[in-house]
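model the structure of this input:
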Amino acid sequence: MLTTIDKPFFWDEKYINDEANWDLKSPTPVWKELIVLGKLIHPCKLLVVGSGKGYDAIFAAKSGYEVTALDFSPNAISISKDLEKQEEVEMSFLQSDIFELDENYQESFDTVFDYVTFCAINIERRKEYLEIISSLIKPGGKFIILLFPTDERKGGPPFSVNEKEFYKETSKYLKLEYFSKNINSIKPRKGKEVLLIFRKP
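Got it, this is the predicted structure:
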């Protein structure tokens, strides 16, 4: 059943009213390390889902990635475009509901990155979301997700994520290559998130 959080206006109002509490106002530290170290991910055609104000997407674009930033909040996309100009980088933008993406995007990306998107969607649509993510990745491509929150909190968004259930469902489409809880999380989220990297067969 669709709810308020399935609608763009819910998230748009968060940005308009400066209530985007998930916004770090800078690239995610774990994401930055992945790109800078270059051990697990290399420049490629990248999709950042739930890209928000665009910090992670722009950091990747400045590092040589061909980036598409996806968000269904018009305000978030507008802020991203302004930041893109300030940082003098080039990216593509998709202001769209990921559940309504055109079939033309199937197997279009080498890597898909998700941070605080899976935990924000309607829990009843999680399986559908993972199926869509898999469909967007080219064979041999990667799905990188910083899973948060894993603290069994009540309510949301963000809605708590059970690691075992997530792995079980994602493994129907993708193969786990890397898993770590020893990551450079921001202080309020330490111990509540985990990095997973999957590959599409």
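
which other helices and strands contact the longest strand belonging to the chain?
For the chain, the strand with the greatest residue count under DSSP state E is strand 137-147. If you count contacts as 3 or more CB pairs under 8 Å, 6 or more residues apart in numbering; DSSP states H and E, strand 137-147 packs onto helix 29-37, strand 109-115, helix 163-170, strand 194-199. The way it works is simple: take the backbone N, C-alpha and C, and place the C-beta from them, glycine included.

redo those as TSV? Include distance to residue 76 and mean neighbour count.
Formatted as TSV, these follow (distance: least, CB to CB, whole Å; neighbours: other CB atoms under 10 Å):
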stretch	distance to residue 76	mean neighbour count
helix 29-37	17	17
strand 109-115	14	24
helix 163-170	25	14
strand 194-199	24	20
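
nearest to residue 79, of these?
Among the helices and strands packed on strand 137-147, the nearest to residue 79 by CB to CB is strand 109-115 (16.8 Å).

pull up the pairing partners for the closest one, direction included.
With DSSP bridges as the test, strand 109-115 is paired with strand 45-49 (parallel), strand 137-147 (parallel).

deepest of those, which one?
Neighbour counts (mean count of other CB atoms under 10 Å) averaged over each of those peak at strand 45-49, with a mean of 25.

quick one: name whatever helix or strand follows that strand.
Heading C-terminal from strand 45-49, the first helix or strand you meet, by DSSP states H and E, is helix 55-62.

all set, thanks.
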